[in-house]
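Asker: Fold the following for me, if possible:
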Amino acid sequence: MKSGINVKIIIFFAILFLYSCTDSDDVIKKFETGTVSDIEGNQYITVKIGDQWWMQEDLKVTKLRTGQSIPFFGEFDNELWSKTELPAYCTGETGHLYNFYAIQSNTIAPEGWHVATDEDWKKLESFLGMDPNELDGINWRGNGEGNKLKQDYQESGWLPYENNWSNNESGFNALACGCRLPDGRKCSPSQAKQGFWWTSTSFENKAWFRNLDYKKSGILRYFVDQNYGMAIRCVKD
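Answerer: Numbers count the residues shown, from 1 in each chain. The predicted structure is shown next:
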């Protein structure tokens, strides 16, 4: 009788193990991924979302493909940051933030890639389910698309808020990278609460960007001065 019970226990755990493996495999196969390297040899994981290939990580290069170095501005270089009209970068909450001048040369992205345009972002948002009537709007748009971009709150450090949970359904892996204001100060609130990404699309003397917020499930679209500091995501040509 005892041996029969032991056999049942062994079978039970064997089935449980097989189901666990299947679940794990499903997670691994959920996203189609690849890699790309920048001019400095930094390697990035890439992910296919719809028919677009996006970097799954924010850009971290410190020079353009021409070989030109991008100057670094530290936390005490606020005045220099606010006045420069040349490419510049600084440190954000989770990595590098760049001013818009770093994008204008079109040589900051790896070969065969480009900084995501406003249209690239809208195509992504549409694929994630945003109402077509909202795509060209400004301020907060959509319902849930932002949470599909944010890395899972249990892994990423996004601050949880009531019932608004990030789930990374798209594989985009957005982190709360924060931003730098035109006067050089860090934006507030930022840590674990907000992420800002440039598009390469200018608007008069400003540029379009996207914002994700821990309290919001949608995606903000707006335009700002070009000496803000924001993260960059690239898309395959």
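
Asker: So which elements touch the longest strand that the chain contains?
Answerer: Ranked by residue count under DSSP state E, the longest strand found in the chain is strand 194-203. Other helices and strands packing on strand 194-203, by 3 or more Cβ pairs under 8 Å, 6 or more residues apart in numbering; DSSP states H and E, are strand 113-115, helix 118-127, strand 206-213. (C-beta placed from N, C-alpha, C; glycine too.)

Asker: Next, please give the residue ranges for the strands of the chain.
Answerer: Under DSSP E, the chain gives strands at 33-37, 43-49, 52-55, 89-91, 96-98, 113-115, 139-141, 194-203, 206-213, 219-225, 234-236.

Asker: Pick the most deeply packed of those.
Answerer: Highest mean neighbour count of those: strand 96-98, a mean of 25 (counted as mean count of other Cβ atoms under 10 Å).

Asker: Which residue, other than its chain neighbours, is closest to residue 200?
Answerer: residue 115 (4.0 Å; Cβ to Cβ, 6 or more residues apart in numbering).

Asker: I figured the one you found hits residue 234, correct?
Answerer: Yes - using Cβ atoms under 8 Å, residue 115 makes contact with residue 234 at a distance of 5.8 Å.

Asker: overlap in contacts of the two?
Answerer: residue 109 (Cβ atoms under 8 Å, 6 or more residues apart in numbering).

Asker: Pick out the residue nearest the middle of the chain.
Answerer: Central residue of the chain (Cα atoms, centre = their mean): residue 174, 3.5 Å from the mean position.

Asker: Which of the helices and strands in this structure ranks last by mean pLDDT?
Answerer: When each helix and strand of the chain is scored by mean pLDDT, DSSP states H and E, helix 2-29 comes last, with a mean of 41.

Asker: for residue 53, which residues make a bridge with it?
Answerer: Taking DSSP bridges as the rule, residue 53 bridges to residue 48.

Asker: Could I get the contacting residues of it?
Answerer: Per Cβ under 8 Å, 6+ apart, neighbours of residue 53: 34, 46, 47, 235, 236.
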